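Asker: model the following, please.
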Amino acid sequence: MTNYQLPITNYQLPITNYQTIMNFIESFKMAGQTLLANKTRSSLTMIGMIVGNASVIAMIGIGEGAQNFVGGQVKSLGTNVLIVRAGVPNASRSSIRNAPQTLIVEDGKAIASQVPSVQGVSAELNSSELVRYGNKNVSSLIFGTIPEFLTVRNFEMAKGRFLTELDVRQNNQVVILGSELAEKLFANTNPLGEQVRVKNVSMKVIGVFAEKGTSFGTNYDNSAVVPIATMANRIVGRKSPYGLAVTSLFISIQDESKMDAAQFQVENLLRLRHKITTEDDFTVRNQKDLMATMGSISGVLTLMLTAVASISLLVGGIGIMNIMLVSVSERTQEIGLRKAIGASQHDILFQFIIEAVILSAAGGIVGTCVGVGGILLVGNFTPLQAGISPVAIALAVSVSGGVGLFFGVIPARQAAKLDPIAALRSA
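Answerer: Okay, here's the model as predicted:
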């Protein structure tokens, strides 16, 4: 007899697994029917989870979009660029005319010739001025610069030509217009060869830039470029005892890996030229470091916004628990009847937990759709190319399901512990 009992024992496990699966399916059906019987209440309960998931997914997507936007802004200026500005670090300047005048064009030439890793140097003197053509007036940012500006600053020509060394040496009254500025002044007319007035100084249009876009608040398409000597002598009237004063030097480096070494060499060279023994009268900024800093700031802001949005998930979970507790009190008779005909505490517990998880998971799925829709809208109507993160979606839906499970346990245990006789009497 002992030998024949072993096969019978071996077949008990599949039967048990089958019964477990059938019980789960039955509990799932009953939970779904119960929730569908109260569609309005179930929908309102899911709102907290919908808002929570949508907020988390949208915040993460928008945060990624912000990081990409900042990275694109920096890359448009060049990640291998050092920027030298006149004035001590962190000093505030109300206008270009109040800036220190110790940084000069000759500093840029010295850097280009004496720092081996430097590819090119652009000297700039900038000011916001009014540009006029006929009866049209446009406020624009004017760059007084040198021929190296085109390559160092990654600009491209759409029409005409750029500045030459002769333009700078002879103080030629010529100007290159940004694409948007040219459109505002000339509409569909070819601007080449026309005369415009920059702060009452007549300038001949010799070129138009290709579209460049906006970077860190500066709209380069609404700007114009003139020779730096013309800018200093005729437009801003900037004089310096040291030479032709500039407000900034843009320095392109041959290799990004040599940025730190190049910055060290540039700082030492300027200190020697300016005979500095105490505080620097210039500031050097590394675009690569700026991009890393801006990326870190965007990451922290994204994390903070996501944490705030996650509070909605907690609120949604509390809402699910409240509704399930109400459901337990309303279904006392049903629970007592089910236990009276043989349902175990485990069966009652399992059904209420399934109901809570269905509510939270359904809210998570709907919230995911809403969040993705919000990301697409942001991408279409703002410069932020917000990204849809599969990891964020999976995390949000998983967390919402976990929240439903966590907050569904208390009402489920309360329902499972009801005494069937007391439940039937109270009903």
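Asker: the stretch 51-200 of the chain: strands as residue ranges?
Answerer: 81-86, 118-133, 136-145, 157-160, 174-177, 195-198 (DSSP state E, counting those that start in this stretch).
Asker: just these: most buried one?
Answerer: Mean neighbours per residue, mean count of other CB atoms under 10 Å, is largest over these for strand 174-177, with a mean of 27. Bear in mind the C-beta positions are built from the backbone N, C-alpha and C, glycine included.
Asker: you'd agree residue 156 is up against residue 213?
Answerer: No - contact status for residue 156 versus residue 213: not in contact, 11.8 Å apart, counting by CB atoms under 8 Å.
Asker: who's more crowded, the two?
Answerer: Legend: neighbour count by other CB atoms under 10 Å for residue 156 and residue 213, higher for residue 213 (14 against 11).
Asker: in the chain, where's the longest helix?
Answerer: As assigned by DSSP state H, the longest helix anywhere in the chain is helix 287-330.
Asker: quick one: average confidence on that helix?
Answerer: For helix 287-330, mean pLDDT is 73.
Asker: what of stretch 262-273?
Answerer: Stretch 262-273 comes out at a mean pLDDT of 90.
Asker: could you do stretch 206-220 as well?
Answerer: Stretch 206-220 comes out at a mean pLDDT of 84.
Asker: show me what counts as buried in it.
Answerer: Buried residues in stretch 206-220, counted by 16 or more other CB atoms under 10 Å: 206-209, 212, 220.
Asker: save the residues you listed as JSON lines, and put in secondary structure too.
Answerer: Shown next, in JSON lines, are these (DSSP: H, G, I helix; E, B strand; the rest coil):
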{"residue": "206", "secondary structure": "strand"}
{"residue": "207", "secondary structure": "strand"}
{"residue": "208", "secondary structure": "strand"}
{"residue": "209", "secondary structure": "strand"}
{"residue": "212", "secondary structure": "coil"}
{"residue": "220", "secondary structure": "helix"}
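Asker: for residue 28, state which of the residues you listed is nearest.
Answerer: Within those, proximity to residue 28 (CB to CB) peaks at residue 212, which comes in at 58.6 Å.
Asker: surely that closest one and residue 218 touch.
Answerer: No - between residue 212 and residue 218 there is no contact under CB under 8 Å: 9.6 Å.
Asker: hmm, back to that, how far does the longest helix of the chain sit from its chain's centre?
Answerer: Between the centre of helix 287-330 and the centre of its chain there are 17 Å (CA atoms, centre = their mean, to the nearest Å).
Asker: now for residue 212 and residue 218: what residues contact both?
Answerer: Contact with both residue 212 and residue 218 is made by no residue, according to CB atoms under 8 Å, 6 or more residues apart in numbering.
Asker: may I have the predicted confidence score for residue 340?
Answerer: pLDDT recorded at residue 340 is 72.
Asker: swap that for residue 3, sorry
Answerer: 50.
Asker: how about the one 4 residues further on?
Answerer: With respect to pLDDT, residue 7 scores 49.
Asker: cool, the one 4 residues further on as well?
Answerer: At residue 11, the predicted lDDT confidence score is 44.
Asker: just residue 148 next, same as before
Answerer: Looking at residue 148, its pLDDT reads 93.
Asker: just to check, it is in contact with residue 124?
Answerer: No - Residue 148 is beyond contact range of residue 124, at 10.2 Å (criterion: CB under 8 Å).
Asker: so where's the stretch 301-427 of the chain uncertain?
Answerer: 309, 330, 343, 383, 385-387, 416, 418-427 (pLDDT under 70).
Asker: same thing but at 80, please
Answerer: Applying pLDDT under 80 to the stretch 301-427 of the chain flags residues 301-353, 355-356, 378-427.
Asker: would you map the helices across it?
Answerer: Secondary structure of the stretch 301-427 of the chain (DSSP state H, counting those that start in this stretch): helices at 332-340, 345-381, 390-416, 420-426.
Asker: residue 304: which of the buried residues of stretch 206-220 is nearest?
Answerer: Taking CB to CB as the measure, residue 220 is the one of the buried residues of stretch 206-220 closest to residue 304, at 31.7 Å.
Asker: which residues are in contact with the closest residue to that closest one other than its chain neighbours?
Answerer: Excluding the flanking residues, the one nearest residue 220 by CB to CB, 6 or more residues apart in numbering is residue 212, at 4.0 Å. Contacts for residue 212 (CB under 8 Å, 6+ apart) come out as 76, 155-156, 178-179, 220-221.
Asker: tabulate those (CSV), appending distance to residue 248.
Answerer: Listed next are the contacts of residue 212 as CSV, based on distance: CB to CB, whole Å:
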residue, distance to residue 248
76, 16
155, 15
156, 21
178, 18
179, 23
220, 15
221, 20
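Asker: out of those, which is nearest to residue 313?
Answerer: residue 76 (37.5 Å).
Asker: what count of nearby residues applies to residue 318?
Answerer: Neighbours of residue 318 (other CB under 10 Å): 13.
Asker: I figured it hits residue 407, correct?
Answerer: Yes - counting by CB under 8 Å, residue 318 does reach residue 407; the two are 6.5 Å apart.
Asker: can you give me the helices for the stretch 151-300 of the chain?
Answerer: Under DSSP H, counting those that start in this stretch, the stretch 151-300 of the chain gives helices at 165-169, 179-186, 228-230, 259-273, 287-330.
Asker: pull out the buried positions in the fourth one.
Answerer: Which is helix 259-273. 259, 262-263, 265-267, 270, 273.
Asker: could I get these as CSV with distance to residue 342?
Answerer: Output for those, formatted as CSV (distance: CB to CB, whole Å):
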residue, distance to residue 342
259, 76
262, 82
263, 80
265, 86
266, 85
267, 85
270, 89
273, 95
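Asker: picking up where we left off before, worst average pLDDT in the strands of the stretch 51-200 of the chain?
Answerer: Among these, strand 81-86 scores lowest, with a mean of 87.
Asker: send the alpha carbons of that strand over as PDB?
Answerer: Extracted C-alpha coordinates of strand 81-86, given in PDB (Å, rounded to 0.1, in the frame of the first residue of the first chain):
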ATOM      1  CA  VAL A  81      34.700  77.400 -25.900                       C
ATOM      2  CA  LEU A  82      36.100  79.600 -23.100                       C
ATOM      3  CA  ILE A  83      34.500  82.900 -22.400                       C
ATOM      4  CA  VAL A  84      36.600  85.800 -21.000                       C
ATOM      5  CA  ARG A  85      34.600  88.800 -19.800                       C
ATOM      6  CA  ALA A  86      35.800  92.100 -18.500                       C
END
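Asker: sweet, I'm off.
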